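*Asks:* the following comprises the amino acid sequence and a computationally predicted model.
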Amino acid sequence: PHNVISTQQALYTALHRLKEVLIITDDLLRIQYANRSAERLLNMRLDEVISKPLADIFISDVSTINSSVQGKGIREFDGILTVKRKNQEGIPMHVRVVPVACIGRTPTHFVFNFDVPGGQMDFIATLPQPKEAPRGSLHSIRRGSFDVRSIASDGLRRTSLAKLTSLPLEAPITKIINLLSQVQENCSAEEARLIDKVMEFLKREGLYSPQMKEIRTDDPIATDLIGALLTGPNVYSSRRSSNDSIVRTNCSNRQSTIMPAKMKATPLIMEILEESLNWEFNIFKLEEITENHPLLYLGMEIFRRFDVFATLNVDENVCKNWLAIIERNYHADNSYHNSTHAADVMQATGVFISQLAAKDLVMDRLEEASALIAAAAHDVDHPGRSSAFLCNSNSPLAILYNDLTVLESHHASTTFRLTLGDDNANIFKNLDTDTYKVARTTIIDMILATEMTRHFEHLAKFVSVFGTEMEPRDIVQSEEESSVLMRRMLIKVADVSNPARPMICCIEWSRRIAEEYFTQTDEEKAKNLPIVMPMFDRGTCSIPKSQIGFIEYIIQDMMHAWDSFIDMPELITYMQINYSQWKKFEEQGIHTLAEVKAKQMSLMNKKSALK
């Protein structure tokens, strides 16, 4: 399957780099695609010509084209027309138009091939390229900074490029297969062979369905974990987790009736919270000294730092009440998916937002607030069982959401149900309708992005837009779409950032997620349910092996891509340190929860002795 998908990008590249000018329109002769040579000819960027009527680019009367290609039956047009360049004189071109019917017999698209009269094949290449979009837009952010060569020698990175080029991309090529045969006559022999191969792949069924890639590991524990994370519920899935337009109105000063007895930030809590935007922040220490209310205390601190109260136009007590309700609806008896995990993801999100601002990649105030809200609530009411378990056990949630994105849909729905159900905690109540809709859309999209079955799809699209030399405008058509990709990757990295945290925290998180998986396996055995991850048996599982596989297959590529975009080398440093440490643990025969716990205590004692 990955060979099929990788060819999609090869196809897109081949079309884009053709020397011949190629333009594709819809059935109403509105431009849908123009390759690089077309951009040169028209002296316009792709985003300037998309959806333009064909008549806008010709000086000549195009009625002959209309009458020829839009009549009954599929006919071709062949003739000389004058193309007008932006702010310049026109150029006479030989134009050949081929109608294509993707569905039925009526043409749905038209392929336009342009040749310069006289056979001057290199004429287009001499034309200057259209000017770039202004700096500051997301289209131009760090496009050239993802240098695979600089990290190719790293052991952790050895298969990254090969994997990234075979990931599922979201390029809009669904209907192109019926256009390719018309393009081939103007291609070089090498390009024609490439397009032949592409067409063979594209004719296969299920091309766009997410499919499980081959897992290149002989370790059954890693295979178990990765397979459960990345496949859909029908094959037993699981996920590891993880403005100025605001209308100002009077805020309520009513006191909360749902808070813990008294929320007092002791000197120790205040001291810890001073480091709340430090990547080395110890969330477990905050968990301990706040008596299992880390989300409430950290959330208020993060909200203050990013001025969320003003952005949402609500009193601090409303935000305090909201955090208290959200935290109370996390299951404290979950070893991993509890409010400490939520606080950890929120803290990572805050760090990333700060780093984006430092790199002049600023999110607006509403985006920042929405991202922090999504992080805090992204796993609310998590039952401590995977989506696959819920589907296999006919859980009411699985039935409600038709076995599709069960947990993430529930988290998003619960977030708004809890928020809108209590006026004292309704952080959105003073937003105007349009602003609320923007915030709601952002929050839901970010929460749904934490669903792991689309991991490679999100990663590949992010790398295609922000991590290669390909023009971002060739992949996405709007700055908003670029922002969506960035926000999705931000929360995805925050959600599974445990392997890139300091070693003490990394080990603790690994123990907690293993315990939760073990508990699920225990229940599956007791209830005679399908076992989603049979290797996650508390008596036989090697925790180091599971972490090694998770880092190699899921984490390393994503962290390298995110670091290249956001410039946080500490992510890579900690990931590599932890990877090496897990390797050592495995070599030393440290496998079980008890053994990992003992080693963790030893490391903590050594750290304390050094202070």
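*Replies:* Arrived safely. Just so we're clear, the structure is a prediction, and the values are computed from it rather than from any experiment. Numbers count the residues shown, from 1 in each chain.

*Asks:* number of residues surrounding Ile326?
*Replies:* Residues near Ile326, counting by other C-beta atoms under 10 Å, number 24. Glycine gets a C-beta too; all of them are placed from N, C-alpha and C.

*Asks:* does it really touch Ala375, like I thought?
*Replies:* No: if you go by C-beta atoms under 8 Å, Ile326 and Ala375 don't touch, sitting 10.9 Å apart.

*Asks:* overlap in contacts of the two?
*Replies:* Common contacts of Ile326 and Ala375, defined by C-beta atoms under 8 Å, 6 or more residues apart in numbering, comprise Ala342.

*Asks:* the chain - how does it break down into domains?
*Replies:* 17-131, 228-241+259-610 (automatic domain parsing).

*Asks:* got these as a markdown table, with distance to Ser188 and mean pLDDT columns?
*Replies:* Compiled in a markdown table, these are given as follows (distance: least, C-beta to C-beta, whole Å; pLDDT from 0 to 100):
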| stretch | distance to Ser188 | mean pLDDT |
| --- | --- | --- |
| domain 17-131 | 8 | 75 |
| domain 228-241+259-610 | 21 | 90 |
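
*Asks:* and Glu191, which of those is closest to it?
*Replies:* Closest approach to Glu191 among the domains of the chain is made by domain 17-131 (7.1 Å; C-beta to C-beta).

*Asks:* quick one on the thing from earlier: out of the domains of the chain, which gets nearest to Asn186?
*Replies:* Nearest of those (C-beta to C-beta): domain 17-131, 4.4 Å.

*Asks:* okay, helices next: where are they in the stretch 351-500 of the chain?
*Replies:* Here the stretch 351-500 of the chain has its helices, by DSSP state H, counting those that start in this stretch, at 365-377, 387-392, 396-400, 406-420, 433-449, 455-466, 479-495.

*Asks:* got these as TSV, with distance to Gly299 and mean neighbour count columns?
*Replies:* Below are those laid out as TSV (distance: least, C-beta to C-beta, whole Å; neighbours: other C-beta atoms under 10 Å):
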stretch	distance to Gly299	mean neighbour count
helix 365-377	6	25
helix 387-392	26	26
helix 396-400	25	14
helix 406-420	13	20
helix 433-449	15	18
helix 455-466	26	23
helix 479-495	14	21
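
*Asks:* any chance of a markdown table for those, columns distance to Ser37?
*Replies:* Formatted as a markdown table, those follow (distance: least, C-beta to C-beta, whole Å):
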| stretch | distance to Ser37 |
| --- | --- |
| helix 365-377 | 37 |
| helix 387-392 | 47 |
| helix 396-400 | 51 |
| helix 406-420 | 43 |
| helix 433-449 | 36 |
| helix 455-466 | 21 |
| helix 479-495 | 25 |
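
*Asks:* of the ones you listed, which is nearest Leu273?
*Replies:* Once these are compared by C-beta to C-beta, helix 365-377 is nearest, at 15.0 Å.

*Asks:* helices and strands around the closest one, which ones?
*Replies:* With contacts defined as 3 or more C-beta pairs under 8 Å, 6 or more residues apart in numbering; DSSP states H and E, the packing partners of helix 365-377 are helix 294-305, helix 308-312, helix 316-328, helix 339-358, helix 406-420, helix 433-449, helix 479-495.

*Asks:* in a markdown table: the ones you listed, plus distance to Thr106.
*Replies:* What follows is these, written out as a markdown table (distance: least, C-beta to C-beta, whole Å):
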| stretch | distance to Thr106 |
| --- | --- |
| helix 294-305 | 56 |
| helix 308-312 | 50 |
| helix 316-328 | 53 |
| helix 339-358 | 47 |
| helix 406-420 | 38 |
| helix 433-449 | 35 |
| helix 479-495 | 30 |
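
*Asks:* so which of those helices gets nearest Asp563?
*Replies:* Ranking the helices and strands packed on helix 365-377 by proximity to Asp563 (C-beta to C-beta) places helix 479-495 first, at 9.4 Å.

*Asks:* which strands or helices does the helix or strand following that closest one pack on?
*Replies:* Heading C-terminal from helix 479-495, the first helix or strand you meet, by DSSP states H and E, is helix 503-526. Applying 3+ C-beta pairs under 8 Å, 6+ apart, one finds that helix 503-526 contacts helix 283-289, helix 387-392, helix 543-550, helix 569-587, helix 593-610.

*Asks:* between those, which one is nearest to Arg45?
*Replies:* Taking C-beta to C-beta, helix 569-587 is the member of the helices and strands packed on helix 503-526 nearest to Arg45, at 33.5 Å.

*Asks:* how about residues contacting the closest one?
*Replies:* Identification of contacts with helix 569-587 by C-beta under 8 Å, 6+ apart yields 154, 156, 279, 493, 497, 499-503, 506, 542-545, 547-548, 551-552, 555-556, 559-560, 562-563, 596, 599.

*Asks:* let's see the PyMOL selection covering just the buried ones among those residues.
*Replies:* Selection command for PyMOL covering only the buried members of the contacts of helix 569-587, criterion 16 or more other C-beta atoms under 10 Å:
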select buried, resi 156+279+493+497+499+500+501+502+503+506+542+543+544+545+547+548+551+552+555+556+559+560+562+563+596+599
